[in-house]
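*Asks:* Pasting a predicted model and its sequence here:
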Amino acid sequence: MKGFTADGQVDPGLVAARDQAQGVSTRSLKRQRAGYPDPLVAPAADAWKLGVPLQLELRPAQPITPIPMH
């Protein structure tokens, strides 16, 4: 997954097509949000840049003993 976070990361033609299809204006939204502070970034959000990437593995879950409901 990727979130576009800066200008120039996506083809402007795709943005224009999306704006038209969705009835929105990226320019207008950008102006409205101009004063918003940058969000805090979690310390491990870019761990891959530090050489410590994690890879999740899909495997069957261990059976769970149901809790008796009295």
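*Replies:* Looks like it came in fine. Residues are numbered from 1 along each chain as shown.
*Asks:* Can you report how many residues lie near residue 26?
*Replies:* Using other Cβ atoms under 10 Å, residue 26 has 14 neighbouring residues. Using the backbone N, CA and C atoms, a C-beta is placed for each residue, glycine as well.
*Asks:* List the contacts of it.
*Replies:* Neighbour list for residue 26: 15, 18, 19 [criterion: Cβ atoms under 8 Å, 6 or more residues apart in numbering].
*Asks:* Nearest to residue 66 among those residues?
*Replies:* The closest of the contacts of residue 26 to residue 66 turns out to be residue 18 (Cβ to Cβ; 46.6 Å).
*Asks:* And the pLDDT at that closest one?
*Replies:* Residue 18 is assigned 95 on the pLDDT scale.
*Asks:* On the three-state scheme, it is what?
*Replies:* Here residue 18 is helix, with the state taken from DSSP: H, G, I helix; E, B strand; the rest coil.
*Asks:* Run through the protein and note the low-pLDDT ranges.
*Replies:* Within the chain, the ranges that satisfy pLDDT under 70 run 1-2.
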